[in-house]
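Q: Provide a 3D model corresponding to the input given below.
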Amino acid sequence: MSLAKRLGASAFALGLAAPFAGSPYLSARGHIDVDYLARIIAQGEDHIEPRHLAHWIRDRTPRLRVIDVRRPDEFAEYAIPTAENIPLDRLPRASFASDETIVLYSEGGAHGAQAWMMLRAMGHSRVYFISGGLVDWYHDIMRPTLAPNATDEQRVAFENAADLSRYFGGVPQLATTDGDVELRVAGGKIPRIATLRRRGC
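A: Numbering: from 1, shown residues only. Predicted structure coming up:
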């Protein structure tokens, strides 16, 4: 993530935290150290990349919980393997153990970031979110793409990504010289998420 995007994410997250400052709800449970959260965000320690999460899932990382904060109908259409659905409005009432690693995601990332801020405000420290949400998961894991003019290093990285993709039932793609990619997916069904473009931060 570029510095500009990280700073934008920091401003966004700190804006979310601002209403909690001085809140009587938080004073009973502790306070938010906004400076500390700003450092976490600036250092990129608030989020993980889809491939990192994919490795955790494939390797059956102990005490990992993947939480989809979208609506149940969206979750039913398409979700990351092993994820459980806890919509954003129910998240404050959900139970999490202190030794769990929690990875949150939404469709494009904004609600995942808001959920991250909520759980941090509630005192959970081992929390991450996918900054590009389910869209990034789909493009990076289910449809990794190799450009026709890729370098040797990029080809090696693509082969590693392709192996991981196949593990999750994905279909690695080869781009044509004009940049088009044939949209294919295992099982023939293309979820709506595949038609969404990656967004900024």
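Q: Listing request: residues of the chain with sub-threshold pLDDT.
A: 1-31, 176-201 (pLDDT under 70).
Q: rerun at 50
A: For the chain, the stretches flagged by pLDDT under 50 are 1, 3-4, 6-7, 10-11, 14, 18-29, 183-188, 199-201.
Q: mind listing the helices in it by residue range?
A: 3-17, 24-29, 34-42, 50-58, 72-77, 110-121, 133-137, 152-167 (DSSP state H).
Q: Burial-wise, tell me which of the ones you listed comes out on top.
A: helix 133-137 (a mean of 25; mean count of other Cβ atoms under 10 Å). Quick note: C-beta positions are derived from backbone N, CA and C, even for glycine.
Q: hmm, back to that, mind checking which of the helices of the chain is nearest I86?
A: When these are compared for distance to I86 using Cβ to Cβ, the nearest one is helix 110-121, at 8.6 Å.
Q: so what does the closest one touch, helix or strand wise?
A: Counting contacts by 3 or more Cβ pairs under 8 Å, 6 or more residues apart in numbering; DSSP states H and E, helix 110-121 packs against helix 3-17, strand 101-105, strand 127-129, helix 133-137.
Q: Give the other helices and strands that the third one contacts.
A: For strand 127-129, the packing partners by 3+ Cβ pairs under 8 Å, 6+ apart come out as strand 101-105, helix 110-121.
Q: For those, give me TSV that also has distance to P144.
A: Below are the helices and strands packed on strand 127-129 laid out as TSV (distance: least, Cβ to Cβ, whole Å):
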stretch	distance to P144
strand 101-105	18
helix 110-121	21
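Q: For I141, which of these is the nearest?
A: Judging the helices and strands packed on strand 127-129 by Cβ to Cβ, what sits closest to I141 is strand 101-105, at 11.9 Å.
Q: okay, the angle between the closest one and helix 110-121?
A: Per axes from the mean of the first three to the mean of the last three Cα atoms, to 10 degrees, the angle that strand 101-105 makes with helix 110-121 is 150 degrees.
Q: strand partners of strand 101-105, parallel vs antiparallel please.
A: strand 64-68 (parallel), strand 127-129 (parallel) (DSSP bridges).
Q: Just the endpoints, please. Distance across stretch 115-127?
A: 10 Å (Cα to Cα, to the nearest Å).
Q: ok now it, how far from the chain's centre?
A: Its chain's average C-alpha position is 15 Å from that of stretch 115-127, according to Cα atoms, centre = their mean, to the nearest Å.
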